[in-house]
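Novice: here's my sequence, what's the structure:
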Amino acid sequence: MKLLMHTCCAPCSVYCIDELRSENIEPVVYWFNPNIHPYTEYKLRRDCLKEYTKSINVESIFEEKYGLDNFCRGVVNRLDTRCQDYCYPVRLAQTAKYAKENGYTHFTTTLLVSPYQKHDAIIEVAKQMAKKYNIEFLYRDFRVGFKVGQAKARELGLYIQKYCGCIFSEEDRYLSVTGNKPNLPEGFEFLPVTPSINIKKERKNKEQYMELLLEADPSKEMINKYLSDGELFVLTYKEEIVCIAVTIKVDNDTIELKNIVTKKEYRKNGFGKKMIKYLVDNYKSKYKKIIVGTTENNIPFYVKQGFDKYEKTINNFFVDNYNEKIKDGDLVCTDLIYYSKDLKKK
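Specialist: Predicted structure coming up:
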């Protein structure tokens, strides 16, 4: 089977990909969503999906067609039925057409995971497109894993949208005051979600984490300077140690993140972001800001986590404090650059 899977966003793809892979089916993700508006929302969902598929080694294809004009013309006289009359047909027709023209045997869609979508209408439209383009439609009722997928998406730090996609669904979100939950078929139940991430402060035997800490700071002497007086936090995923962070008090207003490291096999899955968020939430009632000293390569990562104020540079820090050259990828590290995050900023 060669499967092309229309994908509306990263969070909706999580359970679908995991479930298909459990069946030994390797999907190719296909992005074609000209109904998502405004462009800022379109870009957020697209870019998040790009990062996620890359992180889990899933092949992906992106059709860059932001279609506001065509969308408005297509739904103007049928706003109440826009999903089944325009949004589903446009996306699934293009998916089936592309699949047929490029040697795929089947197509499917992540729209099938959401209990908030019109499930039966999606199936009907998909069958119509399968017949039209002479290709097989692979049906799975992914809704059973909706909560599991959403929980995993949150754990990974994926961008989770607040509305279906089109500008009218965003309006519905603000105008609706009913708080209605999705209608599910009789006997339908979600798979249970078991919390799998835990973060705790380690108060004893902090030296047991030295091997992992050395992956971020290759000097035991430097680590020992802040480890004894610092606070060490351990993030576990499914009961396995995945990420470690060490902080130390600078003064009554400032806490410093001295070391943060994720095990190699778990990197690029959002665990570092999760740890930083936990630290921020933990310290915002005690300190005014949190600072971090980093190398040039890692500045973009910390800026994305809210460390958006430059503080200072310690020139030749890595030259003066380490006996060997310290490398970060292809960069030979020399200066330690400090950025801060305002913990009181809303």
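
Novice: look up how far Glu202 lies from Leu279.
Specialist: According to CB to CB, to the nearest Å, Leu279 and Glu202 sit 14 Å apart. (Glycine included, C-beta is placed from N, CA and C.)

Novice: quick check: neighbours shared by the two?
Specialist: With contacts taken as CB atoms under 8 Å, 6 or more residues apart in numbering, Leu279 and Glu202 have Phe233 as neighbours in common.

Novice: those two: which is more packed in?
Specialist: Each of Leu279 and Glu202 has its neighbours counted (other CB atoms under 10 Å); Leu279 has more, 22 against 14.

Novice: the more buried one in helix, strand or coil?
Specialist: Here Leu279 takes the helix state, with states given by DSSP: H, G, I helix; E, B strand; the rest coil.

Novice: that one: what's it in contact with?
Specialist: So Leu279 contacts 233, 245, 247, 257, 290 (CB under 8 Å, 6+ apart).

Novice: which residues in the stretch 1-150 of the chain form helices?
Specialist: Assigned by DSSP state H, counting those that start in this stretch, the stretch 1-150 of the chain shows helices spanning 10-22, 39-55, 68-75, 82, 88-101, 119-133, 146-155.

Novice: what about those helices, which gets the closest to Asp330?
Specialist: When the helices of the stretch 1-150 of the chain are compared by CB to CB, helix 39-55 sits nearest Asp330, at 19.7 Å.

Novice: which strands and helices lie in contact with the closest one?
Specialist: helix 10-22, strand 27-31, strand 60-62 (3 or more CB pairs under 8 Å, 6 or more residues apart in numbering; DSSP states H and E).

Novice: tell me the bridge partners for Thr236.
Specialist: Asn198, Ile241 (DSSP bridges).

Novice: same deal with Asp342?
Specialist: For Asp342, the beta-bridge partners are Lys289 (DSSP bridges).

Novice: same question for Thr109.
Specialist: Going by DSSP bridges, Thr109 forms beta bridges with His6.

Novice: who's in contact with it?
Specialist: Thr109 neighbours (CB under 8 Å, 6+ apart): 5-8, 91-92, 95, 122, 126.

Novice: this protein - how does it break down into domains?
Specialist: Following automatic domain parsing, one finds the domains of the chain at 3-175, 197-342.

Novice: deepest of these, which one?
Specialist: Mean neighbours per residue, mean count of other CB atoms under 10 Å, is largest over those for domain 3-175, with a mean of 18.

Novice: would you reformat the contacts of Thr109 as JSON lines and include pLDDT?
Specialist: JSON lines is the format used below for the contacts of Thr109 (pLDDT from 0 to 100):
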{"residue": "Met5", "pLDDT": "98"}
{"residue": "His6", "pLDDT": "96"}
{"residue": "Thr7", "pLDDT": "96"}
{"residue": "Cys8", "pLDDT": "92"}
{"residue": "Arg91", "pLDDT": "89"}
{"residue": "Leu92", "pLDDT": "96"}
{"residue": "Thr95", "pLDDT": "97"}
{"residue": "Ile122", "pLDDT": "95"}
{"residue": "Ala126", "pLDDT": "97"}
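
Novice: dump those to TSV, plus distance to Phe137.
Specialist: Output for the contacts of Thr109, formatted as TSV (distance: CB to CB, whole Å):
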residue	distance to Phe137
Met5	11
His6	11
Thr7	15
Cys8	17
Arg91	13
Leu92	9
Thr95	10
Ile122	10
Ala126	5
